[in-house]
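> Pasting the sequence and the predicted coordinates here, then a few questions.
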Amino acid sequence: MAQHGFFITFEGVEGAGKTTQARRLADALGSDVIVTREPGGTPISERIREIFLTADGITATTELLLIAAARAQHVAQVICPALEANKIVICDRFTDATVAYQGYRGGLDIALIHELNRAATCGITPDLTFVLDVPPEIGLRRQRQLQRNRLDKEALELHRKVREGYLAVAKAEPHRVQLIDAMRCPDAVHAALLTEYRKRVCGGRVPTLRDEDRLLSP
């Protein structure tokens with residue numbers, strides 16, 4: 001499928017600040033922006049999210065299949081229509097999360113993960129991915145102040161494997177994936193995100209509506 005909008009994804013370990021920074025970027029880019037998340041984003045996908053984050057004893061394979069099902073519904077119902085309407089879509093986690101969590105953390109075959117991702121997304125890929133990088137122990141310390149899910153409670157070593165996965169993705173696809181130092185204060189992280197977005201969109205200048213229209217035209 002051809003995509004006509006601009007698709008941005010946020011990735012990172014637990015507590016990296018993805019959700020906050022995704023919303024700040026959306027606010028900075030204006031009103032014609034769709035902000036969504038995975039797993040979730042639709043009523044069906046949100047029900048799968050609840051199972052995914054709360055049920056005990058889920059195997060890595062079950063996780064993978066739940067995520068693929070939630071993603072297929074999300075892409076069909078939210079992401080595809082928004083991109084076809086020339087909107088900017090910002091998603092908190094997408095296919096790279098499956099590589100990092102179910103691949104590096106869960107030990108599943110990366111080739112299988114890529115194949116399921118292709119099936120669930122109908123070939124849609126992000127135009128720009130921000131990996132907010134922070135040591136897992138720091139991220140988990142931040143999460144203690146929030147409501148914690150089952151992933152937050154896993155052993156530190158598993159969180160380190162997730163980070164390893166994200167670093168591998170960033171190294172493998174530098175044209176798409178931008179590694180952002182999330183140890184800095186939120187304002188500094190936001191400034192770095194805006195700078196990288198402007199660099200990708202219009203050569204470093206502050207984007208205008210005309211720039212956005214030219215970028216998002218079919």
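Okay, I see it.

> can you pull the pLDDT of the closest residue to R163 other than its chain neighbours?
Sequence neighbours aside, V13 is the residue nearest to R163 in space, at 5.2 Å (criterion: C-beta to C-beta, 6 or more residues apart in numbering). Every residue, glycine included, has its C-beta placed from N, CA and C. On the pLDDT scale, V13 is placed at 95.

> Walking through this protein, point out its strands one by one.
6-12, 33-37, 88-92, 128-133, 177-181 (DSSP state E).

> Quick one: residues contacting the residue nearest to the spatial centre of the chain.
Residue closest to the average C-alpha location in the chain (C-alpha atoms, centre = their mean): R93, at 2.3 Å. Taking C-beta atoms under 8 Å, 6 or more residues apart in numbering, we find R93 in contact with 9-11, 18, 37-39.

> picking up where we left off before, can I get the strands of the chain in CSV with distance to G139 and mean neighbour count?
Compiled in CSV, those are given as follows (distance: least, C-beta to C-beta, whole Å; neighbours: other C-beta atoms under 10 Å):
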stretch, distance to G139, mean neighbour count
strand 6-12, 8, 25
strand 33-37, 17, 19
strand 88-92, 15, 25
strand 128-133, 9, 23
strand 177-181, 13, 19
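
> Would you convert these into a markdown table that also reports distance to A155?
Listed next are the strands of the chain as a markdown table, based on distance: least, C-beta to C-beta, whole Å:
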| stretch | distance to A155 |
| --- | --- |
| strand 6-12 | 18 |
| strand 33-37 | 25 |
| strand 88-92 | 24 |
| strand 128-133 | 20 |
| strand 177-181 | 24 |
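
> Nearest to I58, out of these?
With C-beta to C-beta as the measure, strand 33-37 is the member of these nearest I58 (19.1 Å).

> Rounded mean pLDDT for that closest one, please.
On average, strand 33-37 scores 97.

> Please name every helix or strand in contact with that strand.
Contact partners of strand 33-37 among helices and strands, from 3 or more C-beta pairs under 8 Å, 6 or more residues apart in numbering; DSSP states H and E: helix 18-29, strand 88-92.

> packing partners for the shortest one?
This means strand 88-92. strand 6-12, helix 18-29, strand 33-37.

> Tell me which of these approaches L179 most closely.
strand 6-12 (9.8 Å).

> for the chain, what are the low-confidence residue spans?
For the chain, the stretches flagged by pLDDT under 70 are 1-3, 144-147, 202-218.

> Show me which of the helices and strands packed on strand 33-37 has the highest average neighbour count.
For the helices and strands packed on strand 33-37, the largest average neighbour count (mean count of other C-beta atoms under 10 Å) is found in strand 88-92, namely a mean of 25.

> Give me the sheet partners of that strand and which way each runs.
strand 6-12 (parallel), strand 33-37 (parallel) (DSSP bridges).

> Throw these into TSV and include distance to A120, thanks.
TSV is the format used below for those (distance: least, C-beta to C-beta, whole Å):
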stretch	distance to A120
strand 6-12	14
strand 33-37	15
